[in-house]
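Asks: quick one: sequence plus predicted model below, questions after.
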Amino acid sequence: MENNKITMFRSLDAQLTNYTIKAKIISLWHKKMNGDEKQIYRVDMLLMDEEGSFIQCSCLNKLFKRFLKHLVVDDCLLIYKPSLAKDTTKIKVTGKDQKLSLFSWLRGYVVVSYPIEDVDKKDGTKAKRMNLTLKDLHDTKISLTLWENYAIEMSDYMNGKNREDHVVLLVHFGTVNIYQEKIGLTNMFEASRLFINSDIDEIREFKDRYVEKEFSQSSSSKQSCSQVISNVEEQFLNAGDFVFNAFISSIEVEKKVVIVGTVIAISNH
């Protein structure tokens with residue numbers, strides 16, 4: 001372990017990442033999935049350190065297999081490099097604005113990045129949004145949506161003159177969204193951390209393995225390069241799904257569309 005010194009809750013700092021805490025699980029409870037009481041969405045805990053200070057801690061369901069066996073009431077835990085984030089729950093058990101989260105990194109190869117765009121928020125203001133498609137070493141693809149400064153940072157990098165052909169993105173502390181039965185990811189307000197082709201072991205190792213695998217499967221290196229979509233036509237050609245012309249009338253905001261169809265007849269009138 002790189003850092004054997006125990007940090008007390010009173011000294012926790014969201015800007016630091018290399019520290020260890022020692023805590024006892026005082027209480028533990030489950031939050032169910034919306035509309036499904038049989039599925040657990042999140043495990044919440046109340047932790048106490050050796051000074052008697054308390055902090056709330058959460059673990060999402062996607063990490064249950066990794067952590068659940070260690071989450072036992074009255075047991076003590078040594079947690080190395082925990083994530084400290086803003087507690088957005090309405091009722092805060094400890095009265096504090098921050099909580100610990102048992103999270104892992106999202107790491108993926110940027111297959112496609114789409115143009116940054118302005119979208120209307122519910123309060124009438126504008127927001128910056130950028131969509132990407134990531135792929136892992138098992139060829140599993142997932143959509144990632146970045147907002148505001150994260151979107152601007154990613155767009156500037158992808159459209160930079162000197163960017164690398166192969167882009168690996170690492171996101172710490174994101175949010176899982178489910179829309180129309182499709183799973184996607186997005187940054188969690190200002191709590192997320194974004195690493196774009198950064199010189200860190202996790203990115204270097206992933207990129208080397210991914211590029212080696214892709215090159216072994218293709219004779220053209222360009223097929224493996226991260227692609228930037230610059231207009232709606234390119235976006236159409238790279239889209240994974242389409243809709244029928246009959247649904248065009250359901251579009252509620254002004255936008256460009258590409259219509260593909262067979263010409264049945266041409267009228268002179």
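Replies: Everything's here; your move.

Asks: point out where the stretch 101-250 of the chain drops to low pLDDT.
Replies: Filtered on pLDDT under 70, the stretch 101-250 of the chain yields the residue ranges 103-105, 173, 176-181, 191, 218-224, 230-250.

Asks: verify the stated contact: residue 108 with residue 134.
Replies: Yes: at 3.0 Å, residue 108 and residue 134 qualify as touching, with contact defined as CB atoms under 8 Å. For every residue, glycine as well, the C-beta is placed using N, CA and C.

Asks: burial measure for residue 56, as a count.
Replies: 20 (other CB atoms under 10 Å).

Asks: how about the secondary structure of it?
Replies: Local secondary structure at residue 56 is given as strand here, using DSSP: H, G, I helix; E, B strand; the rest coil.

Asks: hmm, back to that, got any residues that touch both of residue 108 and residue 134?
Replies: Residues touching both residue 108 and residue 134 by CB atoms under 8 Å, 6 or more residues apart in numbering: 142, 144, 169.

Asks: what does the helix or strand where the first one lies rub up against?
Replies: Using DSSP states H and E, residue 142 maps to strand 141-147. Residues external to strand 141-147 that are found in contact with it (CB under 8 Å, 6+ apart): 106, 108, 111, 127-136, 154, 169, 171, 174, 177, 182-187, 194.

Asks: pull the CA atoms of stretch 150-162 into CSV?
Replies: Listed in CSV are the C-alpha atoms of stretch 150-162, where the atom choice follows Å, rounded to 0.1, in the frame of the first residue of the first chain:
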residue,chain,number,x,y,z
TYR,A,150,-16.4,18.5,-19.7
ALA,A,151,-17.9,18.7,-23.2
ILE,A,152,-15.8,21.8,-24.1
GLU,A,153,-12.6,20.2,-22.9
MET,A,154,-13.3,17.0,-24.9
SER,A,155,-14.4,18.8,-28.0
ASP,A,156,-11.3,21.0,-27.9
TYR,A,157,-9.1,17.9,-27.6
MET,A,158,-10.8,15.9,-30.3
ASN,A,159,-10.7,18.8,-32.8
GLY,A,160,-7.1,19.9,-31.9
LYS,A,161,-4.6,19.9,-34.7
ASN,A,162,-2.0,17.8,-32.8
